[in-house]
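*Asks:* dropping the sequence and predicted coords here.
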Amino acid sequence: MSRNETGNPGGSTVVKEQDTSRDDENKNLEDLDVDDDNEHKDPLGFLPFEGTAKQVANWIAVALGVWILLNGVGMIGDGFKMVAGDRAEELFSFAENPFVGLAIGVVATAIIQSSSTTTSIVVGMIAGGLPLNIAVPMLFGANMGTSVTSTLVALGLAGNKRQFKNGFSMATVHDFFNLIAILIFFPLEIFTGFLSRTASAIAPSLSGQGEGVVAGAFEKVGDFLDLITEPLVGLASSLVEPLGDMWGGILLSVIGIGLILLSIQFIGNLLNALLVGKAQEILYAALGKNSFVGLLSGALITTLVQSSSTTTALTVPLAASGKFEVRTLFPFVVGANIGTTMTGLIAAFAASGADAEAAMAGALVHTLFNVCSAIVILGLPFLRKLPPAGSDWLAGLAVKNKLFVFLWIGGVFFAIPILAVFISNALS
């Protein structure tokens, strides 16, 4: 009989408490493995194919899943536009100071579901006389607002705790990166005008140069994406049109969210089976071999598809599959931030006349903000650790209670920015 059992009743209690604690920890680990068989379920398991034929069928199915995802993103964007109409653009007119500009940039982009669209609107307003000190915070806010899509995408993995934790952590690492970038560069810009001064100095040498061959190539890629998504998005839009702009737009957005959730779950299950051996090595080399490669890949792919929402959403099933760590894909997401600024630059290149320099300066501010954020946060080890650590902490909370997901989305992207606008207006 042990000493604790005979002479130290308190010691026995301690042992029991330790055992209970270990049991709780083990239970938490087991909870993440619930439905583990379902995590590796092959959506195309019913097909009578094996070997190479099965692999080809799976990759075709992944392409189909991506197409469904693109359609879902398109429907959400069109749905919000139907609901908001011209009111989304009117939001920007309320920006009377940098703090309101930042808040409006977040809310407007979360509504429009496109930081590229927000940037284009703001660039146009700069050309029309909007001061840079008001416009720049809007561009900062656009970065934050666009990351709401990938956060919603992670909900498609809610049926499996392990996949959901990995996927939600991947989705929100973008949020934490953008928050840290704003905390660093927003005060710096307010007190020094560093970004706007630099952009204004560069703009005269670039403005009024025309779109050029590169811009034309990107435009063709965008036209192709519109071509493959317009039939389904257009059909859905026409079906909800009789309901009116408000209810039709809401229904179209709900359908889009549903398609995104289904496609992400579908793609995630397929990638579990596909990302083994050579296929995993190739994708790893393209996306996460090192920070520079990941950054470059994210920027290039986002520039081509002209949607950081789509690019970052695709990282969610990759992380959920367990084949890629959040820290590995983190630079790729940061690269997507840089790639999404190309739309604004292309629009500014096409501007001419007296307003061309102002438009170019606005577009350059957005690019410089994202490039500088990438250099500073990825370059400094203590800052680089913060976004993955923050997203992992939030994912841990979300696994325990899905309410944290909706509190995060509603609070960060809508409630806090809107409250900031009201407080700022009340104090002014």
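*Replies:* Thanks, I have it.
*Asks:* contacting residues around stretch 389-396?
*Replies:* Contacts made with stretch 389-396 from outside it, assessed by C-beta atoms under 8 Å, 6 or more residues apart in numbering, are listed as 164-166, 168-173, 175-176, 326, 404, 408. Just so you know, the C-beta spots here come from the backbone N, C-alpha and C atoms, and that holds for glycine as well.
*Asks:* buried sites along stretch 66-83?
*Replies:* For stretch 66-83, burial by neighbour count (16 or more other C-beta atoms under 10 Å) applies to 66, 68-83.
*Asks:* mind checking which of those residues are in helices?
*Replies:* Among the buried residues of stretch 66-83, the residues falling in helices (DSSP state H) are 66, 68-83.
*Asks:* neighbour-wise, give me the winner out of the contacts of stretch 389-396.
*Replies:* Neighbours here are counted as other C-beta atoms under 10 Å. On that basis the top member of these is residue 171, with 34 neighbours.
*Asks:* pretty sure that one is touching residue 151, no?
*Replies:* Yes. The criterion here is C-beta atoms under 8 Å, and residue 171 meets it with residue 151 at 4.7 Å.
*Asks:* can you pull up the most central residue in the chain?
*Replies:* Against the mean C-alpha coordinate of the chain, by C-alpha atoms, centre = their mean, the closest residue is residue 147 at 3.2 Å.
*Asks:* and the pLDDT for that residue?
*Replies:* pLDDT recorded at residue 147 is 83.
*Asks:* residues near the closest residue in space to it that isn't next to it in sequence, how many?
*Replies:* What sits nearest to residue 147 in space, not counting adjacent residues and going by C-beta to C-beta, 6 or more residues apart in numbering, is residue 174, at 4.2 Å. Around residue 174 sit 29 other residues, with neighbours defined as other C-beta under 10 Å.
*Asks:* what about residue 416, how many residues nearby?
*Replies:* Residue crowding around residue 416 was assessed by other C-beta under 10 Å; the count is 13.
*Asks:* how far away is residue 167 from residue 261?
*Replies:* 11 Å (C-beta to C-beta, to the nearest Å).
*Asks:* list residues touching both of the two?
*Replies:* Taking C-beta under 8 Å, 6+ apart as the contact rule, residue 167 and residue 261 both touch 153, 156.
*Asks:* these two: which is more packed in?
*Replies:* Legend: neighbour count by other C-beta under 10 Å for residue 167 and residue 261, higher for residue 167 (30 against 19).
*Asks:* what's the nearest residue to the more buried one if we skip its chain neighbours?
*Replies:* Across the structure, with C-beta to C-beta, 6+ apart as the measure, the residue nearest residue 167 apart from its sequence neighbours is residue 320 (3.7 Å).
*Asks:* then residue 398?
*Replies:* Spatial nearest neighbour of residue 398, excluding adjacent residues (C-beta to C-beta, 6+ apart): residue 404 at 4.7 Å.
*Asks:* past whichever strand or helix holds that neighbour, which element shows up next along the chain?
*Replies:* Under the assignment given by DSSP states H and E, the secondary-structure element containing residue 404 is helix 403-410. In the C-terminal direction, the helix or strand that comes right after helix 403-410 (DSSP H and E) is helix 416-427.
*Asks:* could you list the residues in contact with that following helix?
*Replies:* Residues outside helix 416-427 that contact it (C-beta under 8 Å, 6+ apart) are 94, 96, 97, 99, 100, 102, 103, 104, 106, 107, 141.
*Asks:* quick one, which of these are buried?
*Replies:* The neighbour-count test (16+ other C-beta under 10 Å) applied to those identifies 99, 100, 102, 103, 104, 106, 107, 141 as buried.
*Asks:* the residue nearest to residue 147 and residue 332: what is the separation?
*Replies:* According to C-beta to C-beta, residue 174 and residue 332 sit 10 Å apart.
*Asks:* now do residue 173
*Replies:* As judged by C-beta to C-beta, residue 173 and residue 332 stand 10 Å apart.
*Asks:* any idea how far the closest residue in space to residue 408 that isn't next to it in sequence is from residue 318?
*Replies:* Nearest in space to residue 408, with sequence neighbours left out and distances taken as C-beta to C-beta, 6+ apart, is residue 394 at 6.6 Å. According to C-beta to C-beta, residue 394 stands 19 Å off from residue 318.
*Asks:* please consider this matter closed, and thank you.
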